[in-house]
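In: Provide a 3D model corresponding to the input given below.
(2 chains)
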Amino acid sequence: MNNSTAPGPLPVLAIDDEPQIQRLLTIALEANGYRVTAAGSGQEGLAQAAQHPHDLIILDLGLPDMTGLQVLKQLREWTQAPVIIVTVQEGAAEKIEALDCGADDYVTKPFNTGELLARMRAALRRYHKTRFDEPIFHFGDVTADLATRVVTVKGQPVKLTAKEYDLLRLFIQHSGKVLTHRQILREIWGATHEDQTQYLRVYMARLREKLEQDPAAPPLFLTEAGVGYRLAEG
Amino acid sequence: MSEQTHQNAALAADSSQSGAAGEHRAGPGSSLAGSGGTNGSPVPMGSSWLQYGLALMTFAGVSLLNLWLQQWIGYQAIALLYLLAVVLLALFVSRGPILLGTALTALGWNFLFAPPRYSFHIGSFYDKMMCAMYFVVALVVGQLTALLRAQRAAERQREARTREAEINSRLLAESERLGRTLLNSVSHELRTPIAAITSAASSLRASGALSAAQQNLTGEIESAAARLNRVVQSLLSAARLQSGQLRPKLDWCDISELVKVTLRGVEGLLAGHPVQKQIPAGIPLVRADFVLMEQALANLVINAATHTPPETPIQVEARVEEATLVLEVADRGPGLPPDQIDRAFDLFHRAPTARPGGTGLGLAIVKGFVEAQGGSVRAGNRPQGGAVFCICLPVAEPPELQEETL
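Out: As a prediction, this is how the structure comes out:
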């Protein structure tokens, strides 16, 4: 969180084959303190990424020369820079695969610029954050102290089972990031349970019941339909 | 694209050719099937009468030849010539005519050549044995040849059928691929400009350099683009349903989560209609595709909001009836005209009383999505007024869930 405001515009690589979208991304991002390099194909994107360091990569999954997933896999062989995927509504399977291959987040076409900028800021913040500096996390009415394992809502302690606590901690560790069903199941219940979404449904319902006590407040745990869950930031 | 079309046409021509060839092959086989003397196995030559004629002619021809040759060779060698004729005959005709040929040549040899000549009486034991052996050998060789040929013909037919099936499945895969490519490229071409409009308008609004009126105008551009995007989404969903390219991914779903997520998604589209939701605690998980269910339920809620007077409530209720989960969207509007109830879910069907706007796709998509997941839909009117639309999903055996030991 401390070194995300580096001097000068942050270099961003945008890999998208539509010149119009490239132009718009360039205008919108450069107005918000980024410097954009545009690439119109997977090969060009990989070449650009290798030539100059970029702080973040925006990758459209529908490219003419190779699949976005191939580009992502090749990128992940040597760089951990945040990658945000751009995809279409029906692409739940595509999104899951991209996230499992190391994409940091996605936006669904058509997206508004504010949404993309928010996702970029969150991804950069997570990337520059070095482990846990503080054991205490606040989100909504909830305070979780990872050192003492005490969770409170509006100051009132809440009893969580061991699994519920593990699940909450996983979300806190990846605050703001989408976690796919499979990633969560593998992490909390083990590889043998990674297809058993019933655990996830039941435990998410219990966690929400215990922590989202105010029905009028915005939800803490966001459902990403067909993909996974995300802990709302802030 | 043109290359694909071309390839497709070539494939079609290929298949029509093979179809025609198939008919040719089937021709003689089917005309022979059931005719006397054969067991229906296909043979390479014309009708059975022709074959019996050929057997007779072979017998007559070889007999004449033997009558001429007998001045140089003995009657035993003549038997071998008859045998040769029967074997050659067996290459061309089916079992019945072979049997006729065998009988005729055996009798002919006996009558014309075996001493005493011109009588069916056979003198020596040796000649009697020879006559019997001749009959057996000719018959066996003839039958074996016919059998072999029938097997080969059956094999050819099987090969032809496999080839035809292969071509058909290739053609089907090809047309499916073409449909998918077309759908994807149309989808891409429609969505890219919508994405550009949305991106430009939202950047403009976020720039902070606009007057209040300009802010409102960009807001209008954004909501129009969002509406256009929903229409494109609906058209693509309908196209995907029509072409059978929908592959639901069934997973355990929490209905109360589904309803919450759906209602949050349509919040801005309800024009002041309050939504009352009623979901009993502990409602079982169901097997469904969350994404498809979200769109189906959203369509029902939007449908209710667009066809009822402003600010009338919409009720969303879930309950279990025997082994079925019923998800119900009820409104306080004018209800469905009784004669329209059965057609409510038809593609492009719009009630005559419906207000302008709308594509006639929404409810058809609901039906398509729900049925693709093994469920069903129904529509009706509530006794206290207003329409009601239901999504029914089978409730499966509850999933295994090991509780933690505390």
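In: now check stretch A:120-136, is it near chain B?
Out: No: against chain B, stretch A:120-136 shows no contacts by CB under 8 Å from any CB of the partner chain, the least distance being 13.3 Å. (Glycine included, C-beta is placed from N, CA and C.)
In: The residue nearest the centre of chain A and A:V88, how far apart?
Out: Residue closest to the average C-alpha location in chain A (CA atoms, centre = their mean): A:K177, at 3.1 Å. Using CB to CB, to the nearest Å, A:K177 is found at 21 Å from A:V88.
In: what about the nearest residue to A:I136 once chain neighbours are set aside, distance to A:K163?
Out: Excluding the flanking residues, the one nearest A:I136 by CB to CB, 6 or more residues apart in numbering or on different chains is A:D145, at 5.0 Å. Distance from A:D145 to A:K163, counting by CB to CB: 19 Å.
In: With B:Q143 instead?
Out: For B:Q143, the distance to A:K163 - CB to CB - is 77 Å.
In: And B:L100, by the same measure?
Out: Taking CB to CB as the measure, B:L100 and A:K163 are separated by 87 Å.
In: Neighbour count: these two, which is higher?
Out: The neighbour count for B:L100 versus A:K163, taken as other CB atoms under 10 Å in any protein chain shown, is higher for B:L100 (20 against 16).
In: How about the residues of chain A by chain B?
Out: So chain A meets chain B at A:18, A:20-21, A:24-25, A:27-28, A:31, A:62, A:88-90, A:92-93, A:109-114, A:117, A:161-163, A:181, A:196-199, A:201-202, A:204-205, A:219, A:223, A:225-226 (CB under 8 Å from any CB).
In: related to what we said a few turns ago, I figured the residue nearest to A:I136 hits A:E134, correct?
Out: No: using CB atoms under 8 Å as the test, A:D145 is too far from A:E134 to be in contact (9.7 Å).
In: More neighbours: these two, which one.
Out: Between A:D145 and A:E134, counting by other CB under 10 Å, A:D145 is the more crowded of the two (13 against 9).
In: got the contact list for that one?
Out: For A:D145, the contacting residues are A:135-137, A:151, by CB atoms under 8 Å, 6 or more residues apart in numbering or on different chains.
In: in chain A, which spans are helices?
Out: A:19-30, A:42-51, A:68-76, A:92-100, A:113-128, A:162-173, A:181-189, A:197-211 (DSSP state H).
In: who's in contact with the third one?
Out: Same thing as helix A:68-76. With CB under 8 Å, 6+ apart, helix A:68-76 has contacts from A:15, A:42, A:45-46, A:49, A:57, A:59-63, A:81, A:83, A:85, A:87, A:94, A:97-98, A:101-103.
In: Please repeat the previous calculation with a cut-off of 10 Å.
Out: The list of residues contacting helix A:68-76 from outside it, by CB atoms under 10 Å, 6 or more residues apart in numbering or on different chains, reads A:13, A:15-16, A:39, A:41-43, A:45-46, A:49-50, A:54, A:57, A:59-63, A:65-67, A:81, A:83, A:85-87, A:91, A:94, A:97-103.
In: Using CSV, write out every CA atom in it.
Out: The C-alpha coordinates for helix A:68-76 follow below in CSV (Å, rounded to 0.1, in the frame of the first residue of the first chain):
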residue,chain,number,x,y,z
GLY,A,68,-6.0,-15.0,-24.4
LEU,A,69,-5.4,-18.0,-22.1
GLN,A,70,-2.2,-19.0,-24.0
VAL,A,71,-1.0,-15.4,-23.7
LEU,A,72,-1.7,-15.5,-20.0
LYS,A,73,0.1,-18.8,-19.4
GLN,A,74,3.2,-17.6,-21.3
LEU,A,75,3.2,-14.3,-19.3
ARG,A,76,2.9,-16.2,-16.1
